[in-house]
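Colleague: quick one, fold the following:
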Amino acid sequence: MAGVLSSYKLLHSSHDNNLLTNSNSCSYRSPVGNAKRRSLICFSSKKGKPGFFDVILDYIEGGPKLRKWYGAPDLYAEDGSTMEEADKSSEEDEVKDAVFVTDGDSEIGQTIILSLIIKRIRVKALVKDKRAAMESFGTYVESITGDPKDSSFLKKSLRGVRAIICPNEGFLSKVESLKGVQHVVILSQLSVYRASSGVQAIMNSNARNLAEQDESMVVSSGIPYTIVRTGVLTNDRGGKPGFSFEKGCTTNGSLSKEDAAFICIEALDVVPEKELVFEVVNGEENVLNWKDQFEKLKEQA
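Modeller: Model prediction:
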């Protein structure tokens, strides 16, 4: 273990006190760190052996007995082989405690996933490359590959899911029903798409259409939803500047991807009765309590 710890160190970020970094192969700055620059930690365990991510979390949190805090199953069965998640409970008896992240291959999607893992929230993620996701997250995430337009696939994917985070447009416009989901959080750049002109407008036309369809679908679903409308998303480090929630701020403002992911995570804990839609960019306003901030935004809507 000493050899493993020599290449990892604990850091503190403005958003969370728990994060890891590999000084040799990753620039793993924070749980909402730049996913593009890190190759997402570690490599999946070979059969019967835990990966680096498993080992580190086990060590930091006191051992394999505490793995369940992260929503991960025990690594080994009695014969030492990797255990697969059982799926024997009926829909009526299932516990809805998972957060489903769409577009889990994207930079912000992966950042959100890492943050949820550290918060010990059970995670399900829609990905294009299941093997790559397994190598990145191991058993801490239930990675799912398939077509959301397939009703049977969607039903299985949303089993046990209490909330959905959509870090990119295009998922909701494909689904017919979100039955059982209690909250949907959408990270939207619709304001940016609508404000673009010329060649940029042409380039953004498809994304704009998908974003508009996503919002239309969630509005008609009757499920409580939060739409986080941002300015241009940047690779700047999150947590340093404050924020601005002024109406129209997204037209010319920007928001770091780290902060965008962080706000989506915070929004999970504040479920509106019906809807919460607000604009946000980096600015001068410091937010000390996000629950109070969301309540304030509800009153201003």
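
Colleague: from now on I want contacts and neighbour counts done on CA atoms only, so please keep to that.
Modeller: Fine.

Colleague: in stretch 101-114, which residues are buried?
Modeller: Taking 16 or more other CA atoms under 10 Å as the basis for neighbour counts, the residues of stretch 101-114 that come out buried are 101-114.

Colleague: tell me the domain ranges of the protein?
Modeller: 2-70, 98-300 (automatic domain parsing).

Colleague: where's residue 284 relative to residue 110, distance?
Modeller: Spatial separation of residue 284 from residue 110 under the definition CA to CA, to the nearest Å is 27 Å.

Colleague: show the average pLDDT along the longest helix along the chain.
Modeller: The helix that spans the most residues within the chain, counting by DSSP state H, is helix 198-221. The average pLDDT within helix 198-221 is 94.

Colleague: packing partners for that helix?
Modeller: Packed against helix 198-221, as judged by 3 or more CA pairs under 8 Å, 6 or more residues apart in numbering; DSSP states H and E, are the following elements: helix 190-195.

Colleague: low-confidence ranges in the protein?
Modeller: Within the chain, the segments meeting pLDDT under 70 span 1-93.

Colleague: grab the longest strand from it for me.
Modeller: Using DSSP state E, we find that the single longest strand of the chain is strand 275-283.

Colleague: what's that one packed up against?
Modeller: strand 225-230, strand 242-244, strand 254-256, helix 290-300.

Colleague: extract the C-alpha trace of it and format it as CSV.
Modeller: What follows is strand 275-283 as a C-alpha-only set of coordinates in CSV (Å, rounded to 0.1, in the frame of the first residue of the first chain):
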residue,chain,number,x,y,z
GLU,A,275,-39.9,23.9,-11.9
LEU,A,276,-36.8,26.0,-11.4
VAL,A,277,-35.2,27.7,-14.3
PHE,A,278,-32.3,30.1,-13.8
GLU,A,279,-29.3,31.6,-15.6
VAL,A,280,-25.8,31.5,-14.1
VAL,A,281,-22.3,32.6,-15.1
ASN,A,282,-19.1,33.3,-13.2
GLY,A,283,-19.3,36.6,-11.5
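
Colleague: direction included, what does that strand pair against?
Modeller: In the sheet, strand 275-283 lines up against strand 225-230 (parallel), strand 242-244 (antiparallel) (DSSP bridges).

Colleague: tell me which of those strands is the most buried.
Modeller: strand 225-230 (a mean of 24; mean count of other CA atoms under 10 Å).

Colleague: now that strand and helix 290-300, what's the angle there?
Modeller: For strand 225-230 against helix 290-300, the angle by axes from the mean of the first three to the mean of the last three CA atoms, to 10 degrees is 90 degrees.
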